[in-house]
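**Student:** Here's a sequence, model it:
(2 chains)
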Amino acid sequence: KNQVEQSPQSLIILEGKNCTLQCNYTVSPFSNLRWYKQDTGRGPVSLTIMTFSENTKSNGRYTATLDADTKQSSLHITASQLSDSASYICVVINNNAGNMLTFGGGTRLMVKP
Amino acid sequence: DGGITQSPKYLFRKEGQNVTLSCEQNLNHDAMYWYRQDPGQGLRLIYYSQIVNDFQKGDIAEGYSVSREKKESFPLTVTSAQKNPTAFYLCASSAAPPNYGYTFGSGTRLTVV
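**Tutor:** Here you go, the predicted model:
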């Protein structure tokens, strides 16, 4: 069964600090992995998209890594800001027809001043 | 601006009523999707449509119905058969192949009163 597990479920950090969110998956066959940011009461917004051959991809203060061998990904947030408070969702896409997205349960990040 | 629009943002339903959630996109995407999001859980697929006049059940289709008469529109009806409809509903669309250009709407929060 295709699964995506994220950890931690929730995280509280102080403004300016760094943090790393984890994503482990068992989706096969793998196509690509995405990290989304979802503000409360809003739809998810894409942060990064990583294919099988990519190890690292950055988007401003967000850096995602992918280890396709161990089926793990991480999202590192540098110099956190209050506006980073949100849920971060890891999504893995496979190449099968039909429903190709498997969602993790998300990590809820709270950045405190 | 191109995008995907969900309405209304908030919706209240009395027990035994059917309600319809609207989803419209002007991205010229072929595929459209409906997800349900409950607190602390990953998004779960209700229905999806990869082409006009065709749609498929997702993982939790019971108590829901959809139509896809136009490429731009994919309304979701929550019927009285759905026993626990209170949730946040997200619509998404994607280009073909479906693992590219995946965009979410801003969501509709449905509450049973």
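
**Student:** and the residue most central in space within chain B, bridged to which residues?
**Tutor:** Geometric centre of chain B, nearest residue: B:Trp34, 2.9 Å, by CA atoms, centre = their mean. When assigned by DSSP bridges, B:Trp34 has beta-bridge partners B:Tyr47, B:Cys91.

**Student:** if I look at it, how far off is chain A?
**Tutor:** Counting by CB to the nearest CB, to the nearest Å, the gap from B:Trp34 to chain A is 12 Å. To be clear about C-beta, it is placed using only N, CA and C from the backbone, and glycine gets the same treatment.

**Student:** Can you tell me what sits against stretch A:51-68?
**Tutor:** Residues outside stretch A:51-68 that contact it (CB atoms under 8 Å, 6 or more residues apart in numbering or on different chains) are A:30-33, A:35, A:47-50, A:72-81, A:84.

**Student:** repeat that with 10 Å
**Tutor:** A:18, A:20-21, A:23-25, A:29-35, A:37, A:46-50, A:72-81, A:84, A:88, A:90, A:93, B:99 (CB atoms under 10 Å, 6 or more residues apart in numbering or on different chains).

**Student:** and those, which are buried?
**Tutor:** Listed as buried from these are A:21, A:23-25, A:30-35, A:37, A:47-50, A:73-75, A:77, A:80, A:84, A:88, A:90, A:93, B:99; burial here means 16 or more other CB atoms under 10 Å in any protein chain shown.
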